[in-house]
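**Q** pasting the sequence and the predicted model now:
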Amino acid sequence: MDLHYRVAIFGSARIREGDMDYQDVFRIARGLAEAGFDIVTGGGPGLMQAANAGSKAAQSGSRSIGLNIRLPREQEANTYLDIKQEFSRFSSRLDTFMSLSDAVVVAPGGIGTMLELFYAWQLVQVEHICETPIILYGAIWTNLLLWLETEVLPRGLFGSKDMHMIFHVMEPEQVVQLIRKIHEDRLKDGHACNNFSKYRVELQHKA
């Protein structure tokens, strides 16, 4: 197992423990940590805490990493972090996220989560980073993807090939299985980018 494979999990700070989204993100992170992957989050409350808590619950030796941001209304770091770093600017924090992460999971969230989503997507589009699948988790993203595919794409404002790294997954176990498969192929083939279409076909067959 590649002990340095890391998965960034983005999601809302406003979703509380006990919410279904919180429980789902906990399960995703625990499953990924059990597979040997480090978990990277914004280090704060809500779904960030769910991911870090899930990572710690696996007790697998994987690291729970938090990249916290200083805000006017101070965001407290959660208590499930092995490694913590604080940032005063979103730009440097986002760059650190992407330099650390081999895969991205985007859970339900608001403006900050969408910033993280589109920043990661932009970097993959222009090939500043590669082999970085972006997995949108949950029904909240359905209408956004529909808008992109029916309004933005037909106007030629981006190309259909720009969607190849985007996956929409509805079950926690599918997120874990998808990332494990991509990681296995990376170890075997040395390059995963060309396989993204194959993974999408496999997900459709399982739906």
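**A** That came in fine, so what should we check first?
**Q** what residues are up against the spatially most distant residue from the centre of the chain?
**A** Distance to the chain centre peaks in the chain at Arg155, reaching 28.0 Å (criterion: C-alpha atoms, centre = their mean). The contact partners of Arg155, taken as C-beta atoms under 8 Å, 6 or more residues apart in numbering, number zero. To be clear about C-beta, it is placed using only N, CA and C from the backbone, and glycine gets the same treatment.
**Q** buried residues in stretch 152-161?
**A** Neighbour counts over stretch 152-161 (16 or more other C-beta atoms under 10 Å) mark no residue as buried.
**Q** show the pLDDT at the residue nearest to Arg16 when sequence neighbours are not counted.
**A** Leaving aside its sequence neighbours, Arg16 sits nearest to Tyr22 (C-beta to C-beta, 6 or more residues apart in numbering; 6.5 Å). On the pLDDT scale, Tyr22 is placed at 98.
**Q** count the neighbours of Tyr22 for me.
**A** By other C-beta atoms under 10 Å, 23 other residues sit near Tyr22.
**Q** that one contacts Met48, correct?
**A** No - taking contacts as C-beta atoms under 8 Å, Tyr22 lies outside contact range of Met48: 10.4 Å.
**Q** can you name every helix or strand that the helix or strand harbouring Val124 contacts?
**A** For Val124, the element it lies in under DSSP states H and E is helix 111-125. Judged by 3 or more C-beta pairs under 8 Å, 6 or more residues apart in numbering; DSSP states H and E, helix 111-125 is in contact with strand 6-10, helix 90-100, strand 103-106, strand 134-137.
**Q** from the contact counts, what lies against the first one?
**A** By that I understand strand 6-10. Helices and strands touching strand 6-10, as assessed by 3+ C-beta pairs under 8 Å, 6+ apart, comprise helix 20-34, strand 38-41, helix 47-57, helix 90-100, strand 103-106, helix 111-125.
**Q** let's have the ones you listed in a markdown table, adding distance to Leu81.
**A** Formatted as a markdown table, the helices and strands packed on strand 6-10 follow (distance: least, C-beta to C-beta, whole Å):
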| stretch | distance to Leu81 |
| --- | --- |
| helix 20-34 | 13 |
| strand 38-41 | 9 |
| helix 47-57 | 6 |
| helix 90-100 | 14 |
| strand 103-106 | 18 |
| helix 111-125 | 18 |
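**Q** so which residue is smack in the middle of this structure?
**A** When C-alpha atoms, centre = their mean is applied to the chain, the residue found nearest the centroid is Val105 (1.9 Å).
**Q** between helix 90-100 and the helix holding Val124, find me the angle.
**A** Per axes from the mean of the first three to the mean of the last three C-alpha atoms, to 10 degrees, the angle that helix 111-125 makes with helix 90-100 is 50 degrees.
**Q** contacts for helix 111-125, please.
**A** 8, 10-13, 42, 90, 94, 97-98, 104, 106-107, 129-130, 132, 134, 136, 158, 162, 165-166.
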